[in-house]
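Novice: Return a 3D structure for these sequence lines:
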Amino acid sequence: MRWLALSILGACGFAPSLSPHDASPGGADDAHDARDAPSSQMTAPVRRIDLDDAKITGGPHADFPLLVSISATWLRDTGHGGDVARADGFDIYFSADQAGAVRLAHEVELYASDTGTLTAWVKIPSLVPESVLYVHYGDPAITTSQQNITQVWSGGYAFVMHLEAEADATGATTTFSSSNVGAGAGKLDRAMTFDGSSSSIDAGSATATDDIFAGGGTAEGWFHANSYGEAAFGRLFDKGQDNGWGLYISNVGGVGTQTLAFRHGAASSSIGSWFTPSQSVTLNAWHHAAVVYDQDAAANLPTMYVDGVALSANQIDNPTGPMDSDAAANLTVGNRTSLDRTFDGLLDELRLSSVSRSADWIATQYRNQNDPTAFYTISAPL
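Specialist: Numbers count the residues shown, from 1 in each chain. Now for the predicted structure:
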């Protein structure tokens, strides 16, 4: 495999931000801050991360949030026999060049210093085959977090919920309230559990999440269902109920048996609803679901994906007129506003985008998240 650092040397930068899992991730500025510049770039360890060309479909994909998931002895802190200088992992950062001069914005979702386990999201300005990046660690002069969380999610994301906490990594949604949700092992790190009868997370109404399908938008997430949920219509997302839209799984004969479903309200109190083919969703396994929809398109048809593959969408209800605005409605996770469509199982990594993600983007993203260690190779120290 050839490596080409220039493939991700596009407009990227860095600014120190907040510590992992901070409730208010921040730092809209991309500029490098010299106060915490590495003092020992020539001696602190650095490794190259080569992405697998075959795993990247299409592109270039602008501002792609790459999942980097590593568990290695060298990522333990020095107190546990590793090379990371600090137990909080502040000295871990990513760059487009070996010297570390061109920083890549990143978010640490998990760092465990005793096991050397790292789960991080790194923004690649232009993802193409032959892309390469570098991970740096072990500089004791770095004393503050090197994250720039909101910049990781600047590429059209309106809402990003990792489900290890009630927080939006974009910073756009700041008010959450929940009922009867628990914690569990997620697809990527931690997830939240929903009981199929009374659980919900109310994410309020934020300008960023209003009318995301106007001009094209995407709703997506990982789910592990124990059943098809309350009334067999367990919601992943819902905004506005019958006057808004919902993404859910379904197991109702004559409508959609073991399917992914999308619906929205429209003019004249009509409903548009679409279901993937029967048996496209199974229980007791992790699946990735996505719907891409442009409410202004003449075709008025969504594209629905399960595990990175676009499936045919069977239209059950035909909307008349344009899609209703959901701007006055709250975004609900794992249920709908009337609290009678509770999801039953685990939800992880839920996202809304105000852009229509391409089939190539969704396929590449799925491969990266489904098996991150097969998506790249990591070199020995350089």
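Novice: what's the helix or strand for Ala328?
Specialist: Using DSSP states H and E, Ala328 is not contained in any helix or strand.
Novice: That one and Ile316, how far apart?
Specialist: Applying C-beta to C-beta, to the nearest Å, the value for Ala328 to Ile316 is 26 Å. (Each C-beta comes from the backbone N, C-alpha and C, glycine too.)
Novice: who has more neighbours, those two?
Specialist: Ile316 (16 against 11; other C-beta atoms under 10 Å).
Novice: Surely that one is in a strand?
Specialist: Yes: counting by DSSP: H, G, I helix; E, B strand; the rest coil, Ile316 is located in a strand.
Novice: quick one: the strands in the stretch 251-382 of the chain?
Specialist: For the stretch 251-382 of the chain, the strands defined by DSSP state E, counting those that start in this stretch occupy 256-265, 271-275, 286-293, 303-306, 309-311, 314-317, 331-333, 344-353, 376-378.
Novice: Most tightly packed of those?
Specialist: strand 331-333 (a mean of 27; mean count of other C-beta atoms under 10 Å).
Novice: Who are the packing partners of that one?
Specialist: Packing partners of strand 331-333 (3 or more C-beta pairs under 8 Å, 6 or more residues apart in numbering; DSSP states H and E): strand 200-202, strand 235-239, strand 344-353.
Novice: avg pLDDT for that strand?
Specialist: In this model, strand 331-333 has a mean pLDDT of 98.
Novice: can you list contacts of it?
Specialist: Strand 331-333 is contacted from outside by 159, 161, 173, 200-206, 209, 235-239, 347, 350, 352, using C-beta atoms under 8 Å, 6 or more residues apart in numbering.
Novice: Restricted to buried residues, select the residues you listed in PyMOL.
Specialist: The buried residues among the contacts of strand 331-333 can be selected in PyMOL (16 or more other C-beta atoms under 10 Å) with this line:
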select buried, resi 159+161+173+200+201+202+203+205+206+209+235+236+237+238+239+347+350+352
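Novice: these two touch, right, Ser154 and Asp63?
Specialist: Yes: counting by C-beta atoms under 8 Å, Ser154 sits close enough to Asp63 to count as a contact (6.2 Å).
Novice: Kindly point out which residues are neighbours of both of those two.
Specialist: What both Ser154 and Asp63 touch, as defined by C-beta under 8 Å, 6+ apart, is the set Lys123.
Novice: Among the two, which residue is more densely surrounded?
Specialist: Asp63 (20 against 15).
Novice: Give the other helices and strands that the helix or strand where that one lies contacts.
Specialist: For Asp63, the host element (DSSP H and E) is strand 61-71. Applying 3+ C-beta pairs under 8 Å, 6+ apart, one finds that strand 61-71 contacts strand 117-127, strand 132-136, helix 359-370.
Novice: Now the element after it, going C-ward?
Specialist: Counting by DSSP H and E, the element after strand 61-71 in chain order, helix or strand, is strand 93-95.
Novice: Would you mark the buried spots in that next one?
Specialist: Applying 16+ other C-beta under 10 Å to strand 93-95 flags 93-95 as buried.
Novice: The residues you listed into CSV, with extra columns for pLDDT?
Specialist: Converted to CSV, the buried residues of strand 93-95 look like this (pLDDT from 0 to 100):
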residue, pLDDT
Tyr93, 98
Phe94, 98
Ser95, 98
